[in-house]
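[1] can't give you the sequence, but here's the structure:
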């Protein structure tokens, strides 16, 4: 396999713990190319942060991991591959539904369904045909505990999720994603609409979840990337500029563009 | 010039403000005109119609009018008064032509004629009310039950078709037509709206389809009637039947229902769909569980609009489904169950049309016309009101 030279030099050798393997990935919206020749390895049970200015393609790239871009008619892949656990997810025999159960997603704007808290968590199981109350009860409690939300909402599971605060709603969405037992959790700017306290809670949660899940998080907030992630990728104009261990990116970036962005000179 | 204004925010007249006041008044007047016109129509129908529908004795509702079949009306006018009225009428005409012949300078003569006319007018009114109190009106059954009909020498006798009896079959027919056509239109319309808003690719084709659906609502209703006649009655060979009426009316209601349902589905936030898909739902599951329930209030609103459009239509059913008179109720005299769908029915709007147009206008049919119109308004109101109640219920359940 041919690596992009500038990047492969910094990549750790494709270790056994690689869970997402992207090679020479090109992606277009109609005639506009959004991602250029991206190659990177994402490691299992680590938090990987994508940073970069608006429109640099980091969200687009994230949505390629669970094929959410399939929903956009003009979106198309021009070349390259994305492999999750060594399976090409754009292969012909891949069932998108199974893929999305495996790769959960939390959106920028918290989108709890206008149902009760309980029904929100149970939704993922119910659409799979699991309706047994005892199983659902267990999963709801487990997921709410997993999202550090159980103590706050255990007395009002049957109330509408829309009555929760913004931070709680976002953590509910994380809990909802956990219910279908994914291996990978994608987070698209999960804290962009939250206040600092709610943000801190979500970040704490990300720390906990790291033990069981691989997390890829897109963020605008560089401090957040520095706080929560193990590795950071910097994107600019659809290109992966630099990808390394977070400390290295923030302390000692090798690319001048990365350094300029991190020190706030543009973006 | 001393500034009389005491503080900086004091009122200062300006041209824009005056213009705005004038405009507001204008808008208000326009609204009042509409309210007055609508109010007049409703009050007029309600006042005259309630005479036919309600009675002064218990149970206060004219059950016979609401349940009986339409019958011929037999009218007996007291002959003596009738002749007298005719004489007065002739005198009035004579005086009027005499006045016309007079020159405009002959003021005294004109005045005298005016006085005479006023006198005759009051006489006419007196006789008219007397005639009304002594007039005899029978429906067909009542007439046949009479042992001795009023003597022809005392009374002038005339008959008027469909103006006696009640409107029972027409009420039932209208309810059946509305319910069936709305069921068909909602099913087809919602399926179509789901496809258009969720599955189809946006582009010029979709724009064209949407535009042609919208244009469909501008087609005159008589064209729908003729289409239904050609398509369902003749080509499918269903004959003049309820099912032909259902489909014709359903096609009429479709544009409204599709447009409104699609709009209410597109108003559902994208996050509901994405959130659902990201949890491993198939597209249809996402639509079924996270789009349709929340679009339901809007879809029900569209069905209300559809009902309002369909229920009052006369033209589409006059060739396809409506009979001027049918002796049997829809469930009477069926050879096999499917015959239920392939029979013509009576319908209120068509009945109103028949009563008020086929017969020369006269005071004897007014009761039937107003009664039918009043009941009709009530039925449409009832359908709409129950949809609104249903919508409120649904909205309570799925609030977001």
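    Yep, that arrived. Here the structure is a predicted model, which is why all the values come from computation and not from measurement.
[2] got the residue ranges for the helices in chain A?
    Under the criterion DSSP state H, chain A contains helices at A:5-8, A:58-64, A:96-102, A:117-126, A:133-146, A:150-153, A:166-178, A:196-209, A:222-228, A:246-251, A:256-262.
[3] Now distance to chain B, mean pLDDT and mean neighbour count too, for those, in TSV please.
    Where C-beta positions appear, they are placed from N, C-alpha and C, glycine not excepted. Converted to TSV, the helices of chain A look like this (distance: least, C-beta to the nearest C-beta, whole Å; pLDDT from 0 to 100; neighbours: other C-beta atoms under 10 Å in any protein chain shown):
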stretch	distance to chain B	mean pLDDT	mean neighbour count
helix A:5-8	29	43	13
helix A:58-64	10	92	24
helix A:96-102	4	91	17
helix A:117-126	4	92	23
helix A:133-146	12	91	16
helix A:150-153	18	89	15
helix A:166-178	7	90	24
helix A:196-209	16	89	16
helix A:222-228	21	90	19
helix A:246-251	26	91	18
helix A:256-262	29	89	18
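[4] need those in CSV with distance to residue B:31, can you?
    CSV is the format used below for those (distance: least, C-beta to C-beta, whole Å):
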stretch, distance to residue B:31
helix A:5-8, 69
helix A:58-64, 49
helix A:96-102, 53
helix A:117-126, 45
helix A:133-146, 53
helix A:150-153, 49
helix A:166-178, 42
helix A:196-209, 48
helix A:222-228, 55
helix A:246-251, 65
helix A:256-262, 59
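[5] So for residue B:117, which of these sits nearest?
    helix A:117-126 (81.2 Å; C-beta to C-beta).
[6] helices or strands next to that closest one in the packing?
    Helices and strands touching helix A:117-126, by 3 or more C-beta pairs under 8 Å, 6 or more residues apart in numbering or on different chains; DSSP states H and E, are helix A:133-146, helix A:166-178.
[7] Residue B:334 - how many residues pack around it?
    Neighbour count of residue B:334, defined by other C-beta atoms under 10 Å in any protein chain shown: 13.
[8] Tell me which residue of the stretch 151-267 of chain A lies closest to chain B.
    Here the residue of the stretch 151-267 of chain A nearest chain B is residue A:180; by C-beta to the nearest C-beta that distance is 5.7 Å.
[9] quick one: that residue and residue A:99 touch, right?
    No: checked against C-beta atoms under 8 Å, the pair residue A:180 and residue A:99 is beyond contact range at 11.6 Å.
[10] show me the contacts for the residue sitting nearest the centre point of chain A.
    In chain A, the centroid-proximal residue (C-alpha atoms, centre = their mean) is residue A:186; its distance is 1.8 Å. By C-beta atoms under 8 Å, 6 or more residues apart in numbering or on different chains, the contact set of residue A:186 is A:62-63, A:65-66, A:103-106, A:215-217.
[11] How about residue A:224?
    By C-beta under 8 Å, 6+ apart, residue A:224 lies in contact with A:49, A:191, A:199, A:203.
[12] And the pLDDT at the second one?
    Predicted confidence (pLDDT) for residue A:191: 88.
[13] That one reaches residue A:170, doesn't it?
    Yes: using C-beta under 8 Å, residue A:191 is in contact with residue A:170, at 7.4 Å.
[14] how about the residues of chain B near chain A?
    With C-beta under 8 Å from any C-beta of the partner chain as the criterion, chain B meets chain A at residues B:201-202, B:269, B:271-272, B:274-282, B:285, B:289-290, B:294, B:398-400.
[15] one more time with 6 Å, if that's ok
    B:201, B:271, B:275, B:278-282, B:285, B:400 (C-beta under 6 Å from any C-beta of the partner chain).
[16] Cross those against strands and list the overlap.
    Counting by DSSP state E, none of the members of those fall within strands.
[17] Could I get those residues in JSON lines, plus columns for pLDDT?
    Compiled in JSON lines, those are given as follows (pLDDT from 0 to 100):
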{"residue": "B:201", "pLDDT": "83"}
{"residue": "B:271", "pLDDT": "88"}
{"residue": "B:275", "pLDDT": "91"}
{"residue": "B:278", "pLDDT": "91"}
{"residue": "B:279", "pLDDT": "91"}
{"residue": "B:280", "pLDDT": "88"}
{"residue": "B:281", "pLDDT": "90"}
{"residue": "B:282", "pLDDT": "90"}
{"residue": "B:285", "pLDDT": "92"}
{"residue": "B:400", "pLDDT": "62"}
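[18] Buried by neighbour count, from those residues: which ones?
    The neighbour count (16 or more other C-beta atoms under 10 Å in any protein chain shown) marks B:271, B:275, B:278-281, B:285 as buried among the residues of chain B next to chain A.
[19] Would you mind reformatting those residues (as JSON lines) and adding columns for distance to residue B:30 while you're at it?
    Output for these, formatted as JSON lines (distance: C-beta to C-beta, whole Å):
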{"residue": "B:271", "distance to residue B:30": "41"}
{"residue": "B:275", "distance to residue B:30": "46"}
{"residue": "B:278", "distance to residue B:30": "51"}
{"residue": "B:279", "distance to residue B:30": "52"}
{"residue": "B:280", "distance to residue B:30": "55"}
{"residue": "B:281", "distance to residue B:30": "50"}
{"residue": "B:285", "distance to residue B:30": "49"}
